[in-house]
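In: I'll drop the sequence and a predicted model, then ask my questions.
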Amino acid sequence: MTLKAVHHIQVTYPLEVEDVMLSFYSKVLGLTEIPRPEIVKNDSGAWYKLGDIELHISIEKNAHNQASRRHYCFQVDNLNAFEEHLKGHGVEIIPDQRPIPGCVRFFLRDPGGNRIEIAELVKSTFVQLQTEELLLHISVN
């Protein structure tokens, strides 16, 4: 028995931001909304699909999302262009305070307060770090 994949992620929002939340995910992020099963078809929120993973957004009373560091990450192929796109929609960008080798990134909060990481993997940096570590290992031995 093993885990196979992530099927979906659920994020929540308070009722008062529902319209801006749905607009953010469909128009600003450009995610494709998918039909929901009949049993939840008339509930608030929406389901979106990106690749093989679904993102479900729904109402939660007292979500307290603004206080949490929990997040999920979208990978992009051009971080600077995506940042400019988001700024054009008035999205506040939160700079990366803890850079990770091989990855450039920033964070933002959706209208429901959920923290989102936007990242671009930088292969040349990763390869350079591996080479430097290998050379350091060789010179020590």
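Out: Sure thing, it's come through.
In: residue 33 and residue 45 touch, don't they?
Out: No. The pair residue 33 / residue 45 is not scored as a contact, 10.4 Å apart, by Cβ atoms under 8 Å. Bear in mind the C-beta positions are built from the backbone N, C-alpha and C, glycine included.
In: and residue 25, helix, strand or coil?
Out: With DSSP: H, G, I helix; E, B strand; the rest coil as the basis, residue 25 sits in helix.
In: how many neighbours does the residue nearest to it when sequence neighbours are not counted have?
Out: With sequence-adjacent residues excluded and distances taken as Cβ to Cβ, 6 or more residues apart in numbering, residue 25 is closest to residue 31, at 5.2 Å. The number of residues packed near residue 31 is 19, by other Cβ atoms under 10 Å.
In: list phi and psi for residue 31.
Out: As for residue 31, its main-chain torsions (degrees, to the nearest 10) stand at phi -80, psi 150.
In: quick one: contacts for it?
Out: With contact taken as Cβ atoms under 8 Å, 6 or more residues apart in numbering, residue 31 is in contact with 25, 48, 49, 50, 55.
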